[in-house]
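Colleague: below is the structure, and that's it, no one-letter string:
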């Protein structure tokens, strides 16, 4: 399939603050709050019909650039700049398919960001956000689900300069053979279950602290000039104590996990009929209108 040809005519960029329900640690930082970037794009199809689409992603500090010399604000500015560059590249480009917008401008996006000392991962952040907005707008405007847009190759995926090894590969056939899964795996955690998991986490921490204390004691005995035989005896005793301590923790964790898993299985049995209803599986997902998102003042890439 040729793919739907469209023209990106406008990109609006917003941000909103958010607060995480529980802290999230990754790499060198722990996140408790942040900001979310939201884009609203407008496209025009070949038949002149226009439509809007949306995409959002966290402005994640230390996720794309882990340089400790950069502040959280610096990281946010990097991602904003990537989004601005991608938006302007796409606005200035001629009409093409949704996928061609990506493939035709990937090298330009990376090069433009490199001039500002922004790595390829940051460069891809801005481009991917605009790409997702374009695909959402295409699906909304044509009344097509994302699954149908991909399986019929409405997005226009094709061999390109980024992946030349795909030359000669039958992409349309590959996409057409894709089928959605007939089941959904999900896990539901209540407040009680979350507290149980936190208790498990604390138990594991206690076990590890006990291990460290025992090993430190064994090391100190060895370091102070005790005989090899005594050191060996203490090492055997240390490991014996560690095994008992860890086994005790495992037994306690097992006792906690048993009701946790039982509660989760009950929740699954209760909710499975709802999730398996045909209306739930086939109904398109509707997002909240942009105006309900408590957005800050927008910045805009001018309409051409």
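Modeller: Thanks, I have the structure now. Just so you know, these numbers come straight off a predicted model, no measurement behind them.
Colleague: for the protein, what helix or strand is lowest in average pLDDT?
Modeller: helix 278-282 (a mean of 42; mean pLDDT, DSSP states H and E).
Colleague: what about the strands in the stretch 51-200 of the chain?
Modeller: Assigned by DSSP state E, counting those that start in this stretch, the stretch 51-200 of the chain shows no strands.
Colleague: where are the low-confidence patches of it?
Modeller: 184-200 (pLDDT under 70).
Colleague: residues of the lengthiest strand in the chain that come out buried?
Modeller: If you go by DSSP state E, the chain has its longest strand at strand 6-26. Of the residues in strand 6-26, 6-15 count as buried by neighbour count, 16 or more other Cβ atoms under 10 Å. From N, CA and C alone the C-beta is placed, and that goes for glycine too.
Colleague: possible to save these as a markdown table with pLDDT?
Modeller: Converted to a markdown table, those look like this (pLDDT from 0 to 100):
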| residue | pLDDT |
| --- | --- |
| 6 | 96 |
| 7 | 96 |
| 8 | 96 |
| 9 | 95 |
| 10 | 94 |
| 11 | 94 |
| 12 | 93 |
| 13 | 93 |
| 14 | 93 |
| 15 | 92 |
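Colleague: hmm, residue 124 and residue 79 touching each other?
Modeller: No - using Cβ atoms under 8 Å, residue 79 is not in contact with residue 124; the gap is 10.7 Å.
Colleague: which one of these two has more residues nearby?
Modeller: Remark: of residue 79 and residue 124, residue 79 carries more neighbours, 24 against 19, as counted by other Cβ atoms under 10 Å.
Colleague: for residue 4, what are its contacts?
Modeller: Going by Cβ atoms under 8 Å, 6 or more residues apart in numbering, residue 4 touches 45-46, 97-98, 138, 142, 154-156.
Colleague: cool, residue 53 as well?
Modeller: Counting by Cβ under 8 Å, 6+ apart, the residues that residue 53 touches are 40-41, 43, 133-141.
Colleague: do me a favour and get the end-to-end distance for stretch 57-65?
Modeller: Stretch 57-65 has an end-to-end distance of 16 Å (Cα to Cα, to the nearest Å).
Colleague: quick one: residues in contact with it.
Modeller: For stretch 57-65, the external contacting residues (Cβ under 8 Å, 6+ apart) are 15, 18, 26-29, 31, 34-37, 72, 75-76, 78-80, 118-119, 121-122, 125, 128-129.
Colleague: what of stretch 105-113?
Modeller: Contacts of stretch 105-113 (Cβ under 8 Å, 6+ apart): 81-82, 85-86, 89-90, 93, 119-120, 122-124, 126-127, 161-162.
Colleague: can you tell me which of the contacts of stretch 57-65 are classed as buried?
Modeller: Buried, going by 16+ other Cβ under 10 Å: 15, 29, 31, 34-37, 72, 75-76, 78-80, 118, 122, 125, 128-129, out of the contacts of stretch 57-65.
Colleague: which ones among these lie within helices?
Modeller: Here DSSP state H is the test, and those give 72, 75-76, 78-80, 122, 125, 128-129 as lying in helices.
Colleague: now, which of these sits nearest residue 104?
Modeller: Of all those, residue 128 has the smallest distance to residue 104: 14.9 Å, by Cβ to Cβ.
Colleague: so how far is residue 135 from the closest one?
Modeller: Separation of residue 128 from residue 135 (Cβ to Cβ, to the nearest Å) stands at 10 Å.
Colleague: overlap in contacts, those two.
Modeller: Joint contacts of residue 128 and residue 135 (Cβ under 8 Å, 6+ apart) do not exist.
Colleague: what is the nearest of the contacts of residue 53 to residue 66?
Modeller: residue 133 (27.1 Å).
Colleague: what's the separation between that closest one and residue 126?
Modeller: Here the criterion is Cβ to Cβ. By it, residue 133 lies 11 Å from residue 126.
Colleague: residue 89 too?
Modeller: According to Cβ to Cβ, residue 89 stands 9 Å off from residue 126.
Colleague: tell me which of these two has more neighbours.
Modeller: The residue with more neighbours, out of residue 89 and residue 126, is residue 126; 28 against 20, by other Cβ under 10 Å.
Colleague: apart from its chain neighbours, what residue comes closest to that one?
Modeller: residue 82 (3.2 Å; Cβ to Cβ, 6 or more residues apart in numbering).
Colleague: what is the burial count for the one you found?
Modeller: 28.
Colleague: who's the closest residue in space to residue 104 that isn't next to it in sequence bridged to?
Modeller: Nearest residue to residue 104 in three dimensions, chain neighbours excluded: residue 96, at 6.5 Å (Cβ to Cβ, 6+ apart). Beta bridges link residue 96 to residue 6 when assigned by DSSP bridges.
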